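In: predicted model and sequence below, questions to follow.
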Amino acid sequence: MKKKKMMQILALAAAMAMVMTACGDKDSGNSQESSKAESSDAAESSEKAEEESAEEDAAGGEVAAEGSDVTIEAFVTNPWTSRAPAQDDPYEAYIEQKFGGDWTLTCAMEGEGENELVTRFTSDAEPDLIGFGTATQLDMLYNEGVLLDDWNVYADKIPSVLANMGDDQIAYYTTEDGKLKAVGGMPGGQIWAFMIRQDWLDNLELAMPTTPEELLQVMKAFTFNDPDGNGVDDTYGFTAAGGGSGIGEVAKLLMMYGNPSFYITDENTVSHPILDGSYKEFLDFAKSMVDEKVIDPDWYTLGWDERKPNLFQGAYGICYYPPEALMMETSGGGGSESLATGWTIMDMCGGKLDALDLLSETRCSVSAKTAEDSAKMDIICDFLEKTAGMSDDYLNIRFGAGIEEQMGFVRNDDGSIYAWQDDFSNTVFGQTNACSWGQLIVSRPANLTLGATEVVDIWTERAMKLKNEAMEMDRWSVNYRFLNPDPTVKTEAGNVESQFVSRYILGETDDYDGFVENWLSSGGQELLEDAEQTFRKYGLME
Ligand SMILES: [Ca+2]
Ligand SMILES: [Ca+2]
């Protein structure tokens, strides 16, 4: 079982690394970063007594459903789900028994979601219900006119879905002429924060840093003053997992100095950290960190997974990580229990954390052909409505409660929910289909916590406490989360940025003004204009 857990966590980490890489872009408001981090972010339990009967019911439903002439193919492109569905899928049986129809699930290969969808639509074999991993995939098909034109038509069948999405998310998916392109779960992704070792601060009699200068001093002490008191030079102030393709979490230090992306100034104009100078301050801090050797020297090359053993063994004094995932993964990775209480949320040293996610991790729609079939739409709307929010059907499908052994959830008096998965290899992160089906309807409300044991342990206690603290932190304006620029332009400008950042930090160039010009002419100016247009479209600026 230990080994299984480890495998699970490794799989998690791999998925996360993928996400982090994919999210090198700070402009992608709705980004996957959080979501993927789901890996880290992951997480999210029932009455065992119900399990057996549920299984029997499900099995009975399957028999009946296979006889149904209403077939519904669900198709998901989220990178978490890129594997073949299990045989004799109990989730499929549960859904068929609950909602009717003969369902099947198709998971796109990792990174191939867009291509596979295009192929399906162009060969007249479009799936019915599609869970899009990115808004770009949704827009591509919606703009081709091959998806349901307007979900508002079904408003009376999915009131809970629309209520849970929230006004901002609905606005994001609403076209200029008032049509709703897609539906999603509750807004939110993994909650990330800078984490710091309070026990090391205490050992060295240091206070929580509150400015970048103090932070650098703390990083030095964490690197050179034996903060863990073992007499060995075996610690670093900071860590990142650049994976050879970027600066990783170092980029998040920008948030000490200013907005992480495009924003509306006090003068009602649009600006960006690259243009307002805060980016330069961040670069200088990052360069000092590297020059002073207070960050793991492998920070630029280590992948997300490769860095984990050191992280779990307590080699780092500061990291950028979802606190919930840090607790869960450190526990699963064999970290000392002292790390459960050692890690705490770091002050942002004059800055703020990034805005909470505006969107849910997946957005769903149906093909235009499916929309013409009222029998299919009745079943699909019933499925979406009854799995909205944190309903029992949602928790069962998303976390296997009542469907698989060793999984369940508890509703606490304060409204929070604790979901537990006793065997990670057989859970939402692992080999069953909970993750895949769940990705159609995924929501990550902050009051949902996931643990590895039915009884809440120290790691889970800390995870909940730290997540709640992170939720209370000051955050930069959410406006940038509405941005959805042309992906080609964003990529081009992003490449110019990441190349310069690496060279600047490594001391190969100091031509910041030249970089700004290059960035503007390589898509930055277009992104600036897109941002202003978007802010005006949503009524965020005059
Ligand atoms: Ca079926
Ligand atoms: Ca030491």
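Out: Happy to help now that I have it. Residues are numbered from 1 along each chain as shown. Ligands and ions are numbered 1, 2, ... in the order given.
In: around ligand 1, pick out the residues from this protein.
Out: Proximity of the chain to ligand 1 (CB under 5 Å from the ion) is limited to residues 102-103. For the C-beta atoms, the positions are set from N, CA and C on the backbone; glycine is no exception.
In: for the chain, what lies in contact range of ligand 2?
Out: 226, 228, 230, 232, 234.
In: what about the last one, distance to residue 174?
Out: So the one you mean is residue 234. 54 Å (CB to CB, to the nearest Å).
In: ok so, going back, now, of the residues of the chain next to ligand 2, which are buried?
Out: For the residues of the chain next to ligand 2, a burial check counting by 16 or more other CB atoms under 10 Å picks out 226, 228.
In: which one of the residues of the chain next to ligand 2 is nearest residue 337?
Out: Closest approach to residue 337 among those (CB to CB): residue 228, at 14.6 Å.
In: so that closest one sits in a strand?
Out: No: counting by DSSP: H, G, I helix; E, B strand; the rest coil, residue 228 is not part of a strand but coil.
In: so who does it touch?
Out: By CB atoms under 8 Å, 6 or more residues apart in numbering, residue 228 lies in contact with 200, 203, 234-235, 314.
In: pLDDT and distance to residue 373 for the residues of the chain next to ligand 2 - can I get that in TSV?
Out: Below are the residues of the chain next to ligand 2 laid out as TSV (pLDDT from 0 to 100; distance: CB to CB, whole Å):
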residue	pLDDT	distance to residue 373
226	98	68
228	97	63
230	97	66
232	97	67
234	97	63
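In: now flag whichever of the residues of the chain next to ligand 2 is closest to residue 143.
Out: Looking across these and measuring by CB to CB, the closest to residue 143 is residue 234, at 53.9 Å.
In: all strands for the stretch 101-250 of the chain, in order.
Out: For the stretch 101-250 of the chain, applying DSSP state E, counting those that start in this stretch gives strands covering 102-107, 129-132, 183-184, 193-197.
In: would CSV of these with mean pLDDT, distance to residue 320 and mean neighbour count be doable?
Out: Formatted as CSV, the strands of the stretch 101-250 of the chain follow (pLDDT from 0 to 100; distance: least, CB to CB, whole Å; neighbours: other CB atoms under 10 Å):
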stretch, mean pLDDT, distance to residue 320, mean neighbour count
strand 102-107, 92, 30, 21
strand 129-132, 96, 27, 28
strand 183-184, 97, 26, 26
strand 193-197, 98, 5, 25
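In: for residue 439, find the nearest of those strands.
Out: Nearest of these (CB to CB): strand 129-132, 5.3 Å.
In: look up how far ligand 1 lies from residue 118.
Out: Separation of residue 118 from ligand 1 (CB to the ion, to the nearest Å): 25 Å.
In: for that residue, what are its contacts?
Out: Contacts of residue 118 by CB under 8 Å, 6+ apart are residue 140.
In: what about 10 Å?
Out: Neighbouring residues of residue 118 by CB atoms under 10 Å, 6 or more residues apart in numbering: 137, 140-141, 144, 146.
In: with distance to residue 345 added, can I get the strands of the stretch 101-250 of the chain in TSV?
Out: Putting the strands of the stretch 101-250 of the chain into TSV (distance: least, CB to CB, whole Å) gives the following:
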stretch	distance to residue 345
strand 102-107	35
strand 129-132	32
strand 183-184	28
strand 193-197	5
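In: so which of those is nearest residue 383?
Out: Distance to residue 383, taken as CB to CB, is lowest for strand 129-132 among those, at 7.9 Å.
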